[in-house]
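1. Could you look at this predicted model? Sequence included:
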Amino acid sequence: MAKQNIFDNEVFFDGYKKLREREVNANNLFELPTLHALLPDLKGKKILDLGCGFGEHCIEYINAGAESVVGVDISEKMLDIARKENSDPKITYLHMPMEDIGQIEGKFDLVISSLAFHYVEDFAGVVGNVYRLMNDDGIFLFSQEHPFSTCHSGGDRWTRDENGRKIHLNLMYYGREVETDNTWFVDNVKRYHRMFSTIVNTLADTGFVIEKMVEPLPDDELLAKYPEYYDLFFKPDFLFVRSRKK
């Protein structure tokens, strides 16, 4: 079965690239700072980056002292930019879906994935391959869209008062783990919803020890500058999980 490769859709790719180029976005304000806070010391580490995108993280890891980085992405458009803008002799970029990483040779001390797993249908299969690719005591760190977001498949996400102010989140079918079609720049963007228990139990059953889970929220200083992010107290955008191979 062909794997989803929405990032090579021209309209989607252009829309996504413009979004990431904006200085103020949820990735810059919440996802990246949380990811950096959860990273271990990278000196001498062999790293695998799943869904590496433009390669910005890969070059950061090398600059922080990593011995080598392998970046994997299904999007040739993303990797074209990665190779042009974020290349280094210590970085290898591989064009493949995450579901195929079992083909990769070698072992890694750290496997990282930033906001990609909600596009992957076979989560358990990828987690199993990650475990086999890791050295003992290695760290597996990933972020994904929050499960309260991935369960949403249509209709208004919010209930509002007469002035249009959001008063609570409409949460529906959280317990149905299904593929959903979403509109984001284009129609029919496929995401896969999994409950918290499925995410945690899949990691534990594979052999990982959960070290930390984080759902980033704004502090008072950030809210003073960007009050629109008060919404995150209703529903965080992201979920982070850091685990370790026994």
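-> Received the coordinates, thanks.

2. phi, psi of Thr206?
-> phi -80, psi -30 (degrees, to the nearest 10).

3. tally of neighbours for it?
-> Under the neighbour criterion other C-beta atoms under 10 Å, Thr206 is assigned a count of 18. (C-beta placed from N, C-alpha, C; glycine too.)

4. Enumerate every residue touching the residue nearest to Val178 when sequence neighbours are not counted.
-> Closest residue in space to Val178, ignoring its immediate chain neighbours: His193 at 6.1 Å, by C-beta to C-beta, 6 or more residues apart in numbering. For His193, the contacting residues are His118, Pro147, Thr150, Cys151, Arg176, Glu177, Val178, Glu179, Thr180, by C-beta atoms under 8 Å, 6 or more residues apart in numbering.

5. mind showing which ranges of this structure have poor pLDDT?
-> 1-23, 181-189 (pLDDT under 70).

6. which stretches of it form strands?
-> Remark: strands assigned in the chain by DSSP state E are 46-50, 68-73, 91-95, 108-114, 134-145, 158-160, 166-169, 179-184, 186-192, 208-214, 238-245.

7. Identify whichever of those lies nearest to Phe30.
-> Closest approach to Phe30 among these is made by strand 238-245 (6.3 Å; C-beta to C-beta).

8. returning to what we had before: please tell me how far the residue nearest to Val178 sits from Thr150.
-> Relative to Thr150, His193 is positioned 4 Å away (C-beta to C-beta, to the nearest Å).

9. and for those two, which residues touch both?
-> What both His193 and Thr150 touch, as defined by C-beta under 8 Å, 6+ apart, is the set His118, Thr180.

10. This completes my enquiry, with thanks.
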